[in-house]
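Asker: coordinates for the following, if possible.
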Amino acid sequence: MGKVESICIFRQKRGPKQTMLSAEVLAKGGMVGDFHADDGKRSISLMGCEAVKALETSNEKGLCGSKFAANIVTRGISYESLAVGDRLRIGEAVLEIGQVG
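Answerer: Numbering: from 1, shown residues only. Next up, the predicted model:
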């Protein structure tokens, strides 16, 4: 079973992240206050803290964690095994995977 490490919203594109203790998920997609809310495409982005750590320690030129703005950072979820259409329960919300990668 995975664990949520952090929840963030971004009020504007390329704006600073705002760390939240909790968030309200909208039925049409997204989280209240996040600029992706209701766009139906990339409503909520997820990323494992394992991937964040790998990015931070990577020596790959041009690759850094700041380019990936995840709304929810998790621990212990195997993202490689998820496919479009799979569902994850996070708290009271059920999120459906709409895009991988």
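Asker: list the contacts for Pro16?
Answerer: Residues in contact with Pro16 (Cβ atoms under 8 Å, 6 or more residues apart in numbering) are Phe10. Quick note: C-beta positions are derived from backbone N, CA and C, even for glycine.
Asker: same question, Gly48
Answerer: Here Gly48 is in contact with 73-77, 79 (Cβ under 8 Å, 6+ apart).
Asker: and Gly29, how far from Glu80?
Answerer: Here the criterion is Cβ to Cβ, to the nearest Å. By it, Gly29 lies 24 Å from Glu80.
Asker: of those two, who's got more company?
Answerer: Taking other Cβ atoms under 10 Å, Gly29 and Glu80 do not tie; Gly29 has more neighbours (19 against 7).
Asker: now do the same for that one: its pLDDT.
Answerer: You'll see Gly29 listed with a pLDDT of 84.
Asker: so it sits right up against Ser45, yeah?
Answerer: No: using Cβ atoms under 8 Å as the test, Gly29 is too far from Ser45 to be in contact (11.5 Å).
Asker: about what we covered before: please indicate which of the contacts of Gly48 are buried?
Answerer: The neighbour count (16 or more other Cβ atoms under 10 Å) marks 73-74, 77 as buried among these.
Asker: got those as a markdown table, with distance to Glu5 columns?
Answerer: Formatted as a markdown table, the buried ones among the contacts of Gly48 follow (distance: Cβ to Cβ, whole Å):
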| residue | distance to Glu5 |
| --- | --- |
| Val73 | 5 |
| Thr74 | 6 |
| Ile77 | 10 |
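Asker: now distance to Glu24, secondary structure and pLDDT too, for the residues you listed, in JSON lines please.
Answerer: Below are the buried ones among the contacts of Gly48 laid out as JSON lines (distance: Cβ to Cβ, whole Å; DSSP: H, G, I helix; E, B strand; the rest coil; pLDDT from 0 to 100):
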{"residue": "Val73", "distance to Glu24": "18", "secondary structure": "strand", "pLDDT": "92"}
{"residue": "Thr74", "distance to Glu24": "19", "secondary structure": "strand", "pLDDT": "93"}
{"residue": "Ile77", "distance to Glu24": "22", "secondary structure": "coil", "pLDDT": "92"}
